[in-house]
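> fold the following for me, if possible:
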Amino acid sequence: MVDLSYIVAVKGQCPYLGRLIESIKKQEESSLRTELLVVNGGCDYIPDSDMRVIQSDDFGIYHALNIGIKESFGKYYVVAGQDDCFSSDFERSISSWVKRGDLDLISGAVQMDSKIVYPQRKSILGFDVFKGIVACHSLGMVIKKSLHDDFGYYSNRYPVCADRHFVRSIKSKVDFVLSNDVFGEYNTGGTSAQLGMQSLCEQFVIASEGEKIGRKFFFLLILVSKLLKFWLK
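Predicted coordinates for the structure are as follows:
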């Protein structure tokens, strides 16, 4: 059985895909059995490598990821953008948790531009907040595949933040660990990272789902504050 599936969705030009594949192939020695699965929605060039390629129509990132998850053989999976890069000790840092198999989510730190974003759980005015646990379907989270059998796949209602919606809907029902190990480098120049305003609005809708009016107003204030910062950049 495969322990970990690397899932990458690609389309258009993929100039850095080779670098990502190299970062996977050059992992420090670990006992994990892995596979690389590429869902191709129209990439001009797929490097010749030991991987499975699934051809798919382009109906958005989460449509492609759902296909990849369903086709994967791993007990766990991790998603990477075509211009991301894994740390050389990524597999070694998660190996013991993956082998144990009792955790549902394994969240690690991610380098974004010149700073490192660490996953943390904290409370703000009584609101349970996860920071860094999901960053635009980044390589900072390893997910147990069987969760999707229990809770469904990524929703097409959220073109940019469906992963955030998924994790928020299950976070109180699963076991997870927050690691300070840096899992890799997340490229903030990708398409999803550039959809700042849409991302903020989707985050507000997700955070407000099922909340009472007072909490919705609190999240609305946060949204307005973030939109002002976005516009003033």
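
> in what helix or strand does the nearest residue to L223 once chain neighbours are set aside lie?
Sequence neighbours aside, F204 is the residue nearest to L223 in space, at 4.2 Å (criterion: Cβ to Cβ, 6 or more residues apart in numbering). C-beta here means a position set from N, CA and C on the backbone, and glycine is covered the same way. Assessed by DSSP states H and E, F204 sits inside helix 196-208.

> got any ranges where the protein has weak pLDDT?
Residue ranges of the chain with pLDDT under 70: 121-137, 189-198, 208, 210-211, 214-215, 217, 227, 230-233.

> what lies in contact with the host helix or strand of N180?
In this structure, N180 sits in strand 176-186 according to DSSP H and E. Under the contact criterion Cβ atoms under 8 Å, 6 or more residues apart in numbering, strand 176-186 has outside partners 23, 78, 80-81, 84-87, 89-90, 93-94, 97, 103-112, 116, 118-121, 133, 135-136, 138-140.

> now do the buried residues in it.
The neighbour-count check on strand 176-186 (16 or more other Cβ atoms under 10 Å) flags F176, L178, S179, V182, F183, G184, E185, Y186 as buried.

> that one: partners in the sheet, and parallel or antiparallel?
Strand 176-186 has the following strand partners under DSSP bridges: strand 85-86 (antiparallel), strand 105-112 (parallel).

> ok, then the element right after the first one?
On the C-terminal side of strand 85-86, the nearest following helix or strand under DSSP H and E is helix 90-100.

> got the CA coordinates for that next one in PDB?
The C-alpha coordinates for helix 90-100 follow below in PDB (Å, rounded to 0.1, in the frame of the first residue of the first chain):
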ATOM      1  CA  PHE A  90       9.700  16.700   4.400                       C
ATOM      2  CA  GLU A  91       9.100  12.900   4.200                       C
ATOM      3  CA  ARG A  92      11.300  12.200   7.200                       C
ATOM      4  CA  SER A  93       9.600  14.900   9.300                       C
ATOM      5  CA  ILE A  94       6.100  13.300   8.800                       C
ATOM      6  CA  SER A  95       7.100   9.600   8.500                       C
ATOM      7  CA  SER A  96       6.400   8.500  12.100                       C
ATOM      8  CA  TRP A  97       2.900  10.100  12.000                       C
ATOM      9  CA  VAL A  98       2.000   8.700   8.600                       C
ATOM     10  CA  LYS A  99       3.200   5.200   9.600                       C
ATOM     11  CA  ARG A 100       1.100   5.300  12.800                       C
END
